[in-house]
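S.K.: The sequence isn't on hand, but the structure is:
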C-alpha cells in the first residue's frame, strides 16, 4: 500500500502549502531557472522535503534524495554522492543532491566532508539540505548555503490550516474513505504545523474505511505504543523521531503516558527500575535547557536497563 505522504506529495511549488513569504521566495527561484545550495530549517512536517523535491521538479533538475537519519554515514557521502555529482546530467541541467534530516549526521566527520563536496562539485551540482535544528549544522555548511527558515507567521496559521484541511478531504475522497470534517480539524489543531504527521495518522485510521470521533478516544494510547515498540526493538532512530514529533505535548504528560504503559509493556522485574528512571527524568524536565535531550536520555536508559515483553 502506497504511503499517502508520498502518493499525494506536492509536485510543484505552487501545490505546496506555505506561508506567503516562503512561497514567493521559492517561486522566484523557479523563475531564475537555476537551483541554489539551500539549507531549509524548521519543525518536522512543515514541507521542507516536499519543497526540495518540488523545486527540482519545477527546474527540471535531476536529483537524488538521501535520508541522513537512515543512510547518513561517511561511506554514503563518498559513494552515492560522488557517483551522482561527478557526472553531467542527461538534460544538461544542474544536478541536485537532497540531504534530508541532515542534522542527524555526524558534525565531526560527515558534515565537514559535505563541505568539501559542495566545493568540489560546484560546477554541475547543487545541494539542498533539510534539518529540524539548524544549530546542529556546522557553520561552514551555513555559509555555503542560502538559509531559509520554515516559520509560520501567526496571522497566516488559520489560512494554512484551512488549506490543509481541504487537502486532507481531497486525499480521503480520492481513497473513498468516509470522514467527519470536525475530526480532521481536531487532528490538524493537535499537530499544526506538522502536516506530515496528520497525513500519516489519517492513513493509519483509514484502514477501517471511516475517520470519525471514535479515533480520538484511543488516539493517545496508540501513539505511546509506537515509542514502546521502538524501545523494545532497540531502535534509537525511531524512538528519537517519536520524541521530536511529540514535543508539542507537555513533558509531564509524556512521562505520565510512559508510566501508565509500564504494566503492559515491561516484564514485572523491570517495572521498579522503570518507575525510578521515569521519576528521575520527569523531575529533571522542570529545569533542563533541552527537553529533547532529557527525554532521549530517559528512553536510552529504559532501553538499556529494562526488559520488554
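M.R.: Perfect, I can see it now. From a predicted model like this one, the values you see are computed outputs, not experimental measurements.

S.K.: What count of nearby residues applies to residue 166?
M.R.: Applying other C-beta atoms under 10 Å, we find 11 residues neighbouring residue 166. C-beta here means a position set from N, CA and C on the backbone, and glycine is covered the same way.

S.K.: For it, grab phi and psi.
M.R.: Dihedral pair for residue 166: phi -60, psi -40, per degrees, to the nearest 10.

S.K.: Run through the strands of the stretch 201-309 of the chain in chain order.
M.R.: 210-211 (DSSP state E, counting those that start in this stretch).

S.K.: can you give me the helices in it?
M.R.: Here the stretch 201-309 of the chain has its helices, by DSSP state H, counting those that start in this stretch, at 214-232, 236-246, 251-260, 262-265, 271-284, 291-305.

S.K.: Mean neighbour count added to those, as TSV?
M.R.: Below are the helices of the stretch 201-309 of the chain laid out as TSV (neighbours: other C-beta atoms under 10 Å):
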stretch	mean neighbour count
helix 214-232	16
helix 236-246	18
helix 251-260	16
helix 262-265	15
helix 271-284	16
helix 291-305	17
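
S.K.: among these, which is nearest residue 135?
M.R.: The minimum distance between residue 135 and the helices of the stretch 201-309 of the chain falls on helix 291-305, with 12.1 Å, by C-beta to C-beta.

S.K.: Any chance you could list what contacts the closest one?
M.R.: 227, 231, 234, 236, 239-240, 243-244, 247, 251, 254-255, 270, 273-274, 277-278, 280-281, 284-285, 288 (C-beta atoms under 8 Å, 6 or more residues apart in numbering).

S.K.: what angle separates that helix from helix 271-284?
M.R.: Inter-element angle recorded for helix 291-305 and helix 271-284: 170 degrees (by axes from the mean of the first three to the mean of the last three C-alpha atoms, to 10 degrees).

S.K.: what angle do helix 291-305 and helix 236-246 make?
M.R.: Using the same axes, to 10 degrees: helix 291-305 against helix 236-246 is 140 degrees.

S.K.: so residue 98, which of the three states?
M.R.: Here residue 98 is recorded as strand under DSSP: H, G, I helix; E, B strand; the rest coil.

S.K.: Run through the residues that contact it.
M.R.: Here residue 98 is in contact with 49, 52-53, 56, 63-66, 127-128, 130 (C-beta under 8 Å, 6+ apart).

S.K.: thinking again about what came up before, output the helices of the stretch 201-309 of the chain in JSON lines; the columns should cover distance to residue 137 and mean pLDDT.
M.R.: Converted to JSON lines, those look like this (distance: least, C-beta to C-beta, whole Å; pLDDT from 0 to 100):
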{"stretch": "helix 214-232", "distance to residue 137": "25", "mean pLDDT": "76"}
{"stretch": "helix 236-246", "distance to residue 137": "16", "mean pLDDT": "86"}
{"stretch": "helix 251-260", "distance to residue 137": "26", "mean pLDDT": "85"}
{"stretch": "helix 262-265", "distance to residue 137": "35", "mean pLDDT": "85"}
{"stretch": "helix 271-284", "distance to residue 137": "27", "mean pLDDT": "92"}
{"stretch": "helix 291-305", "distance to residue 137": "16", "mean pLDDT": "92"}
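
S.K.: which residues sit in contact with the most centrally placed residue in the chain?
M.R.: With distances taken as C-alpha atoms, centre = their mean, residue 44 lies nearest the centre of the chain, 3.9 Å away. Residue 44 makes contact with 132, 194, 196-197, 244-245, according to C-beta under 8 Å, 6+ apart.
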